[in-house]
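Asker: please find the sequence and the predicted model below.
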Amino acid sequence: MMKATRGIALVMAVLVLAITLAPSALAATVLEVGSSGSDVTKVQKKLIQWGYLSGSADGKFGEKTRKAVESFQRKNGLAVDGRVGPKTAAAMGVTLSGSGGGSSSGGSSATASSASIISADHRLLSKLVYAEARGESYKGQVAVAAVVLNRVASSSFPNTISGVIYQSGAFSCVSNGSINNTPDSTAIRAALDALNGWDPTGGCLYYYNPKATSDKWIRTRTVKTVIGNHSFAV
């Protein structure tokens, strides 16, 4: 009888300990003013790449980084608090490893996938990138996504991502059905980088593979840059 009582007491003690530790184990890393480390560096590099932050990525979360995060949050419809938690990290395509010195209720980390779909537009753009440029470099894939977004911003094209992609005759992947393929994580990240402001093309509205196209009209467009197999033009 004594042994059974001791056994029950031990089980109860373990349960109490597990319940006590559970909130800490599930706490998500949050980067804010005063944080430092590799997570902060990753966030800063993204902000610099997209034009929200100037200077170098020093891994120290100060007021400049906070203001840049706030600008990013405003543009992406996120709660504007100047802190990088799971939702903001996911929108940035950044995985929080817990090495950023961020605050959390228990000091543990919860990662945000760097290849998460954040919206229907993001999903469709990722599918376009995968269908049109999966054999290209990462920069080349971002560039293809950027062309779509440049068209959305132009008065000469439909003003939505779906309108641009499904415009009659715009992309061969729509007519041949490859737009329906499932995008990989690289295409998903590339589309997100473009959505967040990276445009390796410098504003181009067209791209083509000069070795594969027989379209004479596209060759009359002014080429601004070449990335991999694609020429990007205006």
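Answerer: Yep, it's here.
Asker: tell me the spacing between the residue sitting nearest the centre point of the chain and residue 209.
Answerer: Residue closest to the average C-alpha location in the chain (CA atoms, centre = their mean): residue 93, at 3.2 Å. Residue 93 sits at a distance of 27 Å from residue 209 (criterion: CB to CB, to the nearest Å). Where you see a C-beta, it was placed from the backbone N, CA and C, and this is true even at glycine.
Asker: can you list the domains in the protein?
Answerer: 28-114, 120-233 (automatic domain parsing).
Asker: rank those by pLDDT, which is bottom?
Answerer: Sorting those by mean pLDDT places domain 28-114 lowest, at a mean of 81.
Asker: what residues are up against residue 61?
Answerer: Residues counted as contacts of residue 61 (CB atoms under 8 Å, 6 or more residues apart in numbering) are 31-36, 40, 43, 100-101.
Asker: what about 10 Å?
Answerer: Contacts for residue 61 (CB atoms under 10 Å, 6 or more residues apart in numbering) come out as 31-37, 39-41, 43-44, 69, 82-84, 100-102.
Asker: same check on residue 132?
Answerer: 140-141, 144-145, 147-148, 165, 171-174, 178-179, 187, 207, 209, 230.
Asker: which element is it on?
Answerer: Residue 132 belongs to helix 120-133 when assigned by DSSP states H and E.
Asker: please enumerate the helices of this protein.
Answerer: 2-26, 38-49, 63-75, 86-92, 120-133, 138-153, 161-165, 172-175, 185-195 (DSSP state H).
Asker: ok, which of these comes nearest residue 225?
Answerer: helix 138-153 (8.0 Å; CB to CB).
Asker: what residues sit buried inside that closest one?
Answerer: Within helix 138-153, the residues that count as buried by 16 or more other CB atoms under 10 Å are 140-152.
Asker: again with stretch 51-63
Answerer: Buried residues in stretch 51-63 (16+ other CB under 10 Å): 52-53, 57, 59-61.
Asker: same thing with stretch 183-194?
Answerer: Those would be 183, 186-194, for stretch 183-194 by 16+ other CB under 10 Å.
Asker: just the buried members of the contacts of residue 61?
Answerer: Burial by neighbour count, judged by 16+ other CB under 10 Å, picks out 31-32, 35-37, 39-41, 43-44, 69, 82-84, 100-102 from the contacts of residue 61.
Asker: excluding covalently adjacent residues, which one is nearest to residue 175?
Answerer: Distances taken as CB to CB, 6 or more residues apart in numbering place residue 169 nearest to residue 175, at 7.7 Å, with adjacent residues excluded.
Asker: how many neighbours does that neighbour have?
Answerer: Neighbourhood size, residue 169 [other CB atoms under 10 Å]: 7.
Asker: on that earlier part again, and the buried residues of stretch 183-194 as CSV, adding distance to residue 156?
Answerer: Converted to CSV, the buried residues of stretch 183-194 look like this (distance: CB to CB, whole Å):
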residue, distance to residue 156
183, 27
186, 30
187, 26
188, 28
189, 29
190, 24
191, 22
192, 25
193, 24
194, 19
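Asker: closest one of those residues to residue 134?
Answerer: Looking across the buried residues of stretch 183-194 and measuring by CB to CB, the closest to residue 134 is residue 187, at 6.3 Å.
Asker: you'd agree that closest one is up against residue 134?
Answerer: Yes: counting by CB atoms under 10 Å, residue 134 is a contact partner of residue 187 at 6.3 Å.
Asker: overlap in contacts, the two.
Answerer: Shared contacts of residue 187 and residue 134, defined by CB under 10 Å, 6+ apart, are found at 141, 144, 181.
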